[in-house]
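[1] Provided below are the primary sequence and the corresponding predicted coordinates.
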Amino acid sequence: MIRIYETMFIVSPRLDEESRNATAEKVRDYIVERVDGTIEKFDRWGIRKLAYRVTKGFAEGDYTVIQFKADSEKVDILEKFYGVTPDVFRWQTFRREDLEKAEKKALLKKEAIEEETEVEVSEPLIEASEAAGVIEPVEAKETKEMEE
């Protein structure tokens, strides 16, 4: 089942900017090619200070946030990729149920509006057709059938 996910990962600040950007692009390409996901949002935050010094001795890191849609069974592939990528030292991927609910709600609202519009358009058309004599009113048909 296709779900909405958000992943955040932190790349080593010891790399030059070009290498950090290349790592972020590599993750994005991996999501598209291997996880079969579609990227909704790709946001590079750049180097930020960490809340605490990590075991590798970093006090800061290069943050990237990616929002994507993918099959729930394939997201584990991304987690394994992070584990074998030495430049990425922290990551977290989670499902965005709030966005899924908002998307579903918007879809239901759109369908309701389309149905409402369809009903509003068809009633005046029927009335206009009856007035023009193109079709007979339902009540007139019933009366004719009863007379015969």
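    Yep, that arrived.

[2] quick one, what contacts Ile2?
    For Ile2, the contact set (C-beta atoms under 8 Å, 6 or more residues apart in numbering) comprises Lys69, Ala70, Asp71, Ser72. Where you see a C-beta, it was placed from the backbone N, CA and C, and this is true even at glycine.

[3] what's the answer for Phe58, then?
    Ser12, Pro13, Arg14, Leu50, Phe89.

[4] check Thr93 too.
    Residues counted as contacts of Thr93 (C-beta under 8 Å, 6+ apart) are Tyr5, Glu6, Thr7, Met8, Val75, Leu78, Glu79.

[5] adding distance to Lys56 and neighbour count, write these out as JSON lines.
    Putting these into JSON lines (distance: C-beta to C-beta, whole Å; neighbours: other C-beta atoms under 10 Å) gives the following:
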{"residue": "Tyr5", "distance to Lys56": "26", "neighbour count": "22"}
{"residue": "Glu6", "distance to Lys56": "24", "neighbour count": "17"}
{"residue": "Thr7", "distance to Lys56": "20", "neighbour count": "22"}
{"residue": "Met8", "distance to Lys56": "17", "neighbour count": "16"}
{"residue": "Val75", "distance to Lys56": "25", "neighbour count": "19"}
{"residue": "Leu78", "distance to Lys56": "21", "neighbour count": "23"}
{"residue": "Glu79", "distance to Lys56": "19", "neighbour count": "12"}
